[in-house]
Structures are given as structure tokens and as C-alpha cells.
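Colleague: no sequence on this one, just coordinates:
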């Protein structure tokens with residue numbers, strides 16, 4: 001019984017899955033497997049940050065905000081500012097020539113002019129508030145879609161996390177079942193050699209060991225798959241997410 005318990009402990013302690021990539025005694029596993037209230041917020045925050053769909057919705061939201069600004073400034077497109085320079089005799093004046101009283105010297109002065117024109121089509125003026133309201137609704141829709149995607153992602157993380165915990169528990173139970181089957185097969189082999197078991201009974205013990213080995217590998221594969229899928233969604237190694245920053 002002691003050797004059986006020791007073997008189970010060694011299997012659980014030394015098993016390093018491809019997904020986890022670290023020994024079972026690491027500190028991050030204590031956070032991930034034993035503290036859902038700490039693990040779930042970390043997983044959710046990472047998934048929200050990693051989501052490409054959320055990033056696209058955030059871009060659409062920013063574009064809608066720019067469209068609102070453009071709609072509010074649309075009237076300025078009809079304002080024109082112009083400047084001109086005129087030179088001629090519009091402001092001319094004459095000065096008598098001191099050498100010849102009958103002669104006058106005339107001078108012309110230049111003049112700058114600045115003006116602004118505003119052309120406002122009636123339809124554009126009437127529809128301006130409607131256009132602005134439309135763009136504001138587009139912005140609100142973008143924000144609503146972003147929040148909806150956030151909620152879906154949060155709802156997705158919870159069952160994925162629970163699947164990992166369940167798969168790990170099943171894997172541990174299958175490891176124990178394999179150890180039990182291995183012990184029973186060794187005992188059956190000894191009894192068979194002593195003539196205490198028939199060939200059929202010994203064969204049944206061997207079949208149970210084979211079935212237990214297959215079930216253990218299947219459980220391990222299911223755990224690795226669930227773990228890797230969760231890492232794919234959060235976009236980071238879970239061992240890193242669960243390790244506090246120094």
C-alpha cells in the first residue's frame with residue numbers, strides 16, 4: 001500500500017504536460033487551480049487585450065467619432081476667404097508742379113481688399129442636425145457592439161477555465177486508476193505463476209491495465225488540449241499571467 005501511494009505521488013508530481021510546461025509544484029499553479037477569484041480576472045483581462053475583434057471594434061468606434069466631428073464642421077466647407085490688390089485712379093490725387101503752374105502731377109494709390117463668402121445650400125442646412133444625429137447613432141452602435149463582444153469573451157473564458165480544471169481532475173483520477181490497474185496486474189501475474197489464477201483471469205487483469213493506460217493518455221491529451229485552447233484565447237502563457245510581477 002505504501003509503495004502504491006508513493007507511485008501515485010511520483011506520477012502526479014513528475015508529470016509535465018506539454019501545455020503547462022512546468023512542474024506541478026510551481027507557485028503559478030496554486031493561483032490558477034486553487035484561486036478562481038484571482039485567476040479568472042487575470043485570464044479575462046488578457047483575453048480582452050488580445051482579442052482582434054475587440055481591436056477592430058475599437059477602431060470603428062474611433063472612426064465614428066471622427067465622422068461626428070466632420071459632420072459638425074460640414075458648414076465650414078462653404079466658407080471662402082479671398083484677398084485682392086487694386087491699383088488705379090480710384091483714389092488718385094494731383095499736386096501742382098512748382099515749375100509750371102499749369103501742370104499737375106497725379107498720383108494713384110494701391111488698395112488691398114479682403115472678403116469672405118458663405119454659400120449654404122438649404123438642404124445641407126436642414127439636414128445637418130440629422131447627419132450629426134446619424135453619426136452619433138453609429139458611434140453608439142460601435143460602442144454597444146464592443147461591449148457585447150466583451151461580454152461574450154467573458155462568458156467564453158469561464159467555461160474554458162472550468163474545462164481545464166475538470167480535465168486536470170479527470171487526468172489525476174485516471175493516473176490513480178492506472179496505478180491501481182498496474183498493481184493489480186502485478187499481483188495477478190504473481191498469483192498466476194503460483195497457480196492461483198487461471199489464464200483467463202490473468203488475461204483480464206492485463207486487459208484492465210491496457211484500458212487504464214489508454215484512458216490515462218486520453219485524459220492527459222484532453223487536459224493538454226483544454227489548456228492550450230485557453231492559452232490561445234488569452235494570448236499568453238498561463239504560467240506568466242498567474243505569476244505576480246516582481
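Modeller: On my side now, so go ahead. Just so we're clear, the structure is a prediction, and the values are computed from it rather than from any experiment. Numbering: from 1, shown residues only.

Colleague: and the residue nearest to residue 236 when sequence neighbours are not counted, which helix or strand is it part of?
Modeller: Excluding its sequence neighbours, the residue lying closest to residue 236 (C-beta to C-beta, 6 or more residues apart in numbering) is residue 46, at 5.4 Å. Heads up, the C-betas are built off the backbone N, CA and C, glycines and all. Assessed by DSSP states H and E, residue 46 sits inside helix 36-50.

Colleague: what is that helix packed up against?
Modeller: Judged by 3 or more C-beta pairs under 8 Å, 6 or more residues apart in numbering; DSSP states H and E, helix 36-50 is in contact with helix 27-34, helix 122-193, helix 199-234, helix 238-241.

Colleague: now do the first one against helix 36-50, angle only.
Modeller: Yep, that's helix 27-34 we're talking about. Interaxial angle, helix 27-34 versus helix 36-50 (axes from the mean of the first three to the mean of the last three C-alpha atoms, to 10 degrees): 100 degrees.

Colleague: buried ones in helix 27-34, by neighbour count?
Modeller: Across helix 27-34, burial judged by 16 or more other C-beta atoms under 10 Å covers 28-29, 31-32.

Colleague: one step back: and whatever helix or strand comes next after the helix holding residue 46, what does it pack onto?
Modeller: Counting by DSSP H and E, the next helix or strand C-terminal to helix 36-50 is helix 52-72. When contacts are defined as 3+ C-beta pairs under 8 Å, 6+ apart, helix 52-72 packs onto helix 122-193.

Colleague: for the helix it packs on, name the packing helices and strands.
Modeller: Where contact means 3+ C-beta pairs under 8 Å, 6+ apart, helix 122-193 is packed against helix 2-14, helix 36-50, helix 52-72, helix 199-234.

Colleague: quick one: average confidence on that helix?
Modeller: Helix 122-193 shows a mean pLDDT of 85.

Colleague: domain ranges for this structure?
Modeller: The record assigns the chain these domain ranges, following automatic domain parsing: 2-17+24-63+146-240, 77-118.

Colleague: ok, of those, where does mean pLDDT dip lowest?
Modeller: It's domain 77-118: among the domains of the chain, that one has the lowest mean pLDDT, namely a mean of 52.

Colleague: let me see the confidence value for residue 76.
Modeller: We have a pLDDT of 52 for residue 76.

Colleague: is residue 244 in a helix, a strand, or coil?
Modeller: Secondary structure, DSSP: H, G, I helix; E, B strand; the rest coil: residue 244 is coil.

Colleague: also residue 196?
Modeller: Judged by three-state DSSP, the three-state class of residue 196 is coil.

Colleague: how close does it get to residue 186?
Modeller: 14 Å (C-beta to C-beta, to the nearest Å).

Colleague: what do you get for residue 200?
Modeller: Computed as C-beta to C-beta, the residue 200 to residue 186 distance reads 18 Å.

Colleague: hang on, the earlier thing: from the buried residues of helix 27-34, pick the one nearest residue 217.
Modeller: Ranked by distance to residue 217 (C-beta to C-beta), the buried residues of helix 27-34 are led by residue 29 at 21.5 Å.

Colleague: can you report how many residues neighbour residue 64?
Modeller: Per other C-beta atoms under 10 Å, the neighbour tally for residue 64 reads 18.
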